[in-house]
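Peer 1: structural data only, the sequence is not supplied:
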Ligand SMILES: NC(=O)c1ccc[n+]([C@@H]2O[C@H](COP(=O)([O-])OP(=O)(O)OC[C@H]3O[C@@H](n4cnc5c(N)ncnc54)[C@H](O)[C@@H]3O)[C@@H](O)[C@H]2O)c1
């Protein structure tokens, strides 16, 4: 894409998974890329492979160092780092706080650091890796669902507040993607997601398409649009379908002799309105 040639791009959580695929794709489009990850070795490996700069550490505070690494400015910021915190209200405060910090506040802090530059220049692009869980919900993972709803709300707010001042915002909302996060979701997650899971490169392609079309909502799984519409139009029916999926999870976990329902896998599991598989 011509618009990305020489663009200065930062991708957080790019030591693996979706972030690494985004970093590779932006580099392939001719962008100058900064790879960030908490895992410094992983970040360095991806950066070396694509000739990018590396700024390791917590995604929350990397804008100044990334800006310096890119020679003084940032055109595209991909707030991609995330944690798949599972459980319900019984998850302890530290788990909720980590999910809030990484999945929401890192986006807020990045935007705080980026907006003065972007508003002065009259351009800038914020790509938020949310999740279908931000539009719908995720079985067995309340901290993840709540904070991804928060990430989507923040991205919407940024978009409507600054679009007339040249700031573009995209919210990327995939279901299952074959990454470490999905693998750590365990056998149940794999079983439910297997038919629908896509590769990180597919998400990167969807992001390129979304940027080319200047679309806010990027849905690498197009069927999510139907689930989202059904949730809005018929919430009772949608909740019933999701509960059916929850009961299916519980039965599966019982059969596997694994954890109870409260510790369901942190996977991107959404039900069709009828409760069908994602
Ligand atoms: N895999 C899926 O099914 C799926 C679906 C929808 C959305 N997502 C979202 O995609 C994003 C990327 O996830 P992924 O699936 O590639 O998982 P992943 O675990 O492969 O990658 C996440 C990366 O983020 C890094 N990270 C975690 N906390 C960080 C922090 N505070 N600062 C910097 N880096 C940090 C991790 O070290 C890891 O390399 C997340 O926001 C996730 O919620 C994933």
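Peer 2: That came through, no problem. Note that the structure is predicted; figures quoted are calculated from it, not measured. Numbering: from 1, shown residues only.
Peer 1: quick one: the helices in this protein?
Peer 2: If DSSP state H is used as the criterion, the helices of the chain fall at 17-28, 40-50, 63-69, 93-100, 106-121, 142-162, 180-183, 186-193, 200-212, 224-233, 235-256.
Peer 1: burial count for residue 229?
Peer 2: 12 (other CB atoms under 10 Å). For the C-beta atoms, the positions are set from N, CA and C on the backbone; glycine is no exception.
Peer 1: before we move on, what about residue 55?
Peer 2: Residue neighbour count, defined by other CB under 10 Å, stands at 25 for residue 55.
Peer 1: who are the contact partners of it?
Peer 2: The neighbourhood of residue 55, defined by CB atoms under 8 Å, 6 or more residues apart in numbering, consists of 10, 34, 35, 36, 43, 62, 65, 66, 69.
Peer 1: got a pLDDT number for the nearest residue to the last one once chain neighbours are set aside?
Peer 2: Once its chain neighbours are removed from consideration, residue 69 has its nearest residue in residue 53; the separation is 4.1 Å (CB to CB, 6 or more residues apart in numbering). As predicted, residue 53 sits at a pLDDT of 98.
Peer 1: mind starting the numbering at 46 from now?
Peer 2: With 46 as the first residue, the last one maps to residue 98.
Peer 1: name the residues linked to the residue nearest the centre of the chain by a beta bridge.
Peer 2: Residue closest to the average C-alpha location in the chain (CA atoms, centre = their mean): residue 174, at 2.6 Å. Beta-bridge partners for residue 174, by DSSP bridges, are residue 217.
Peer 1: thought it was touching residue 222?
Peer 2: No. Using CB atoms under 8 Å, residue 174 makes no contact with residue 222, being 9.7 Å away.
Peer 1: burial count for residue 202?
Peer 2: Other residues within reach of residue 202, judged by other CB under 10 Å, total 12.
Peer 1: again, but for the one 10 residues further on
Peer 2: Residue 212 is surrounded by 21 other residues when neighbours are defined as other CB under 10 Å.
Peer 1: quick one, what contacts it?
Peer 2: Residue 212 makes contacts with 160, 163, 164, 168, 169, 170, 171, 203, 204, as judged by CB under 8 Å, 6+ apart.
Peer 1: nearest to the ligand, of the residues you listed?
Peer 2: Set against the ligand, the nearest of these by CB to the nearest ligand atom is residue 171 (14.0 Å).
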